[in-house]
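Chemist: sequence below, structure please.
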Amino acid sequence: MIKECYANFECRLADGSLISKYDLFIWEVVKAHVASSPKYPETVHYRGQGVFMISGPSISLRKKLRRSTCETICSSTTTTSRAFLDAS
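Modeler: Numbering: from 1, shown residues only. Down below sits the predicted model:
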């Protein structure tokens with residue numbers, strides 16, 4: 001395991017049939033290890049084309065959210081995603 005990583009996954013090759021044609025590996029996670037601290041780790045995310053981002057501060061809006069608000073957010077996100085995919 002990598003000590004500096006917040007999470008580590010032990011995997012086994014589930015399907016290697018696409019390796020030679022597409023360089024695609026299908027893995028199955030057999031065990032996951034997650035550090036107990038920090039509670040909210042600073043993580044680095046690859047966004048594509050050589051661009052990375054670092055996670056920002058966490059905020060809690062739990063008391064302000066209602067089910068209807070969450071459904072509105074989810075539906076607008078889905079709509080935005082669909083519009084993006086249709087434009088691609």
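Chemist: can you list the low-confidence ranges for the chain?
Modeler: Filtered on pLDDT under 70, the chain yields the residue ranges 67-88.
Chemist: tell me the centre residue of it?
Modeler: The centroid of the chain falls nearest to His45 when counting by Cα atoms, centre = their mean (8.5 Å).
Chemist: what about the nearest residue to that residue once chain neighbours are set aside, which SS state?
Modeler: Excluding its sequence neighbours, the residue lying closest to His45 (Cβ to Cβ, 6 or more residues apart in numbering) is Met53, at 5.1 Å. Heads up, the C-betas are built off the backbone N, CA and C, glycines and all. Recorded secondary structure, Met53: strand (DSSP: H, G, I helix; E, B strand; the rest coil).
Chemist: tell me the contacts of Met53?
Modeler: Met53 makes contacts with 44-45, 47, as judged by Cβ atoms under 8 Å, 6 or more residues apart in numbering.
Chemist: about what we covered before: show me what the strand or helix carrying the residue nearest to the centre of the chain is packed against.
Modeler: Using DSSP states H and E, His45 sits in strand 44-48. In terms of contacts (3 or more Cβ pairs under 8 Å, 6 or more residues apart in numbering; DSSP states H and E), strand 44-48 is packed against strand 51-54.
Chemist: partner strands of the strand it packs on, parallel or antiparallel?
Modeler: strand 44-48 (antiparallel) (DSSP bridges).
Chemist: now do the partner strand: everything it contacts.
Modeler: Under Cβ under 8 Å, 6+ apart, the answer for strand 44-48 is 52-55.
Chemist: one step back: measure the residue nearest to the centre of the chain to Leu18 for me?
Modeler: Noted for His45: a distance of 25 Å to Leu18, by Cβ to Cβ, to the nearest Å.
Chemist: one step back: among the contacts of Met53, which one sits closest to Lys64?
Modeler: When the contacts of Met53 are ranked by distance to Lys64 (Cβ to Cβ), His45 comes first, at 25.9 Å.
Chemist: enumerate the beta-bridge partners assigned to Ile54.
Modeler: Ile54 forms beta bridges with Val44, as assigned by DSSP bridges.
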